[in-house]
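A.B. asks: Predicted structure and sequence below. I'll ask about it afterward.
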Amino acid sequence: MDDPVEAAYAQALKLLARREHGRAELSRKLSQRGHSSEHIAPALQRLDAAGYLSEARYAQARVAELRRRRYGPLRAQAELRAHGVDEAAIADAVQVEDSDWYRACEEACGRTARTAPGTPAERARLQRQLAMRGFTTAQIRAALGKNSSERLDSDDA
């Protein structure tokens, strides 16, 4: 290919065919592959105009992946910011009070704890682990409360 903008466009299209990318991430990858910024900008503009490049779609896909991996909304927001996603797309993609985040926190709690924490030290350790995964205090309290009540139910049987 003689046209460097066309080469950057084709490379970006290959990357987008594999998975969604944010604008900043795609620009960085094209730069790493030897394309200059003066050729990357028009290629990304063309991808954006064609609907192939979408910050909102990228944010939604990344949030869904993190939720599947049992990470919380605070972690999702931080990762999206680190990848250069604009605040409006982050706000649309990460609804902190969404019930799916509570469910993800309960799953993470169940996988981490195996049994309900019996001592205050075990409970504090579990709270720290869930906070490190990016869950809010309300989500952690709800998950620990549910985990404790499930244990009480199983002890009665």
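C.D. replies: Arrived safely.

A.B. asks: For this protein, which segments count as helices?
C.D. replies: Taking DSSP state H as the test, the helices found in the chain are 4-18, 23-32, 37-50, 55-68, 73-82, 87-93, 99-113, 120-132, 137-156.

A.B. asks: Turn the ones you listed into a markdown table, including mean neighbour count and mean pLDDT.
C.D. replies: Using the backbone N, CA and C atoms, a C-beta is placed for each residue, glycine as well. What follows is the helices of the chain, written out as a markdown table (neighbours: other CB atoms under 10 Å; pLDDT from 0 to 100):
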| stretch | mean neighbour count | mean pLDDT |
| --- | --- | --- |
| helix 4-18 | 16 | 94 |
| helix 23-32 | 17 | 94 |
| helix 37-50 | 15 | 94 |
| helix 55-68 | 19 | 94 |
| helix 73-82 | 18 | 96 |
| helix 87-93 | 16 | 93 |
| helix 99-113 | 18 | 87 |
| helix 120-132 | 14 | 91 |
| helix 137-156 | 14 | 67 |
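
A.B. asks: ok, now which ones touch the closest residue to L74 other than its chain neighbours?
C.D. replies: In space, and not counting its chain neighbours, L74 is closest to G134: 4.1 Å by CB to CB, 6 or more residues apart in numbering. Contact partners of G134, counting by CB atoms under 8 Å, 6 or more residues apart in numbering, are 66, 71-78.

A.B. asks: and if we set it to 7 Å?
C.D. replies: Contacts for G134 (CB atoms under 7 Å, 6 or more residues apart in numbering) come out as 71-76.

A.B. asks: Any chance of CSV for those residues, columns distance to A49?
C.D. replies: Converted to CSV, those look like this (distance: CB to CB, whole Å):
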residue, distance to A49
Y71, 33
G72, 35
P73, 31
L74, 34
R75, 32
A76, 28
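
A.B. asks: Among those, which one lies nearest to A89?
C.D. replies: A76 (11.8 Å; CB to CB).

A.B. asks: I'd say that closest one and L66 touch.
C.D. replies: Yes - between A76 and L66 there is a contact at 4.8 Å, judged by CB atoms under 7 Å.

A.B. asks: Hmm, H39 is touching V5, no?
C.D. replies: Yes - judged on CB under 7 Å, H39 makes contact with V5 at a distance of 4.9 Å.

A.B. asks: List the contacts of the nearest residue to A56 once chain neighbours are set aside.
C.D. replies: Excluding its sequence neighbours, the residue lying closest to A56 (CB to CB, 6+ apart) is A89, at 5.0 Å. Counting by CB under 7 Å, 6+ apart, A89 makes contact with 55-56, 59.
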